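*Asks:* need a structure here:
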Amino acid sequence: MSITAVIVDDEAPARKRLRDLLAKESDMEVVCECPDGPSAVDAILEHEPDVLFLDVQMPEMDGFEVLRLVGLDRVPVVVFVTAYDRHALEAFEARALDYLLKPFTGKRFGETLDRVRNSLSAGHDRDRLRRELEDLMASGSAKIHRIPVRSGSRIHFVPVEDIDWIEGAGNYVLLHTSGQQHRIRNTLKGLAEKLGPQRFVRIHQSHVVNLNRVRELQPWSHGEFVVVMRDGTELTSSRTYSGALREMLDF
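*Replies:* Presented below is the predicted three-dimensional model:
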């Protein structure tokens, strides 16, 4: 059975180097190559690869931010690729399976593939990475501050503080910001975990609101509320989530 891989690097020669090396391995299949962080997030969520060869330093979004945006439940086995030793140290802090320091030899790459195969066979390192990333989330060091949004062939970044509320739509979410909507591939639960519970709170199975953008709460029925946003949008909190809303607002 093939081991599926996604290659992420902003330099075309570096991607080709990895692609050529993987092409020599009968059990490796490259399912996607990405030149930047936002396209990497899309590719990982779409293809769900077994292993990710991830450049650490890329323009606009680095490799660590890619992992934060993908989310704990979707992170594959990770091999960081870097030209800087200090990034290798950060990679181990993020509990990558291995790292390749550019320029690397074919022999060094082979050692990495052996680790990948052993990891996937044992099934331990993937779980360890998720646990470690979960610890980072809990400590607050892995919170995201901006979200990449595609508009045609262009990518722009929406600051988290500009989000009014978020609407879940299956494997996608809609970011509502000052009368605009931005559709991104993610789950409501996964994105909410990365935004920080002190600012964003879930009020409904399909809605998360930015507490700083809430204008008022109006009592509804059976302990529910109508949540009125600053722009006048009215959202209903379900009874399941109303208790958390009360607690966050301390009333």
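*Asks:* following the helix or strand encompassing Val227, which helix or strand shows up next?
*Replies:* Using DSSP states H and E, Val227 falls within strand 225-229. Downstream of strand 225-229, the first helix or strand assigned by DSSP H and E is strand 234-237.
*Asks:* list the buried residues for that next one?
*Replies:* Within strand 234-237, the residues scored as buried using 16 or more other C-beta atoms under 10 Å are 235, 237. C-beta here means a position set from N, CA and C on the backbone, and glycine is covered the same way.
*Asks:* could I get the average pLDDT for it?
*Replies:* If you average the pLDDT over strand 234-237, you get 91.
*Asks:* packing partners of that strand?
*Replies:* strand 200-204, strand 225-229 (3 or more C-beta pairs under 8 Å, 6 or more residues apart in numbering; DSSP states H and E).
*Asks:* pull the CA atoms of it into PDB?
*Replies:* This file holds the C-alpha atoms of strand 234-237, laid out as PDB (Å, rounded to 0.1, in the frame of the first residue of the first chain):
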ATOM      1  CA  GLU A 234     -29.300  38.600  15.700                       C
ATOM      2  CA  LEU A 235     -28.300  35.000  16.500                       C
ATOM      3  CA  THR A 236     -30.000  32.600  18.900                       C
ATOM      4  CA  SER A 237     -27.900  30.800  21.500                       C
END
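*Asks:* ok, back up a step: buried deepest among the helices and strands packed on strand 234-237, which one?
*Replies:* strand 200-204 (a mean of 22; mean count of other C-beta atoms under 10 Å).
*Asks:* pLDDT value on Trp220, please?
*Replies:* 81.
*Asks:* that one and Thr236 touch, don't they?
*Replies:* Yes. With contact defined as C-beta atoms under 8 Å, Trp220 and Thr236 form a contacting pair (6.5 Å).
*Asks:* top helix in this protein by residue count?
*Replies:* helix 106-122 (DSSP state H).
*Asks:* buried sites along that one?
*Replies:* 109, 112-113, 115-117, 119-120.
*Asks:* try stretch 70-86
*Replies:* Buried residues in stretch 70-86 (16+ other C-beta under 10 Å): 70-72, 74-82.
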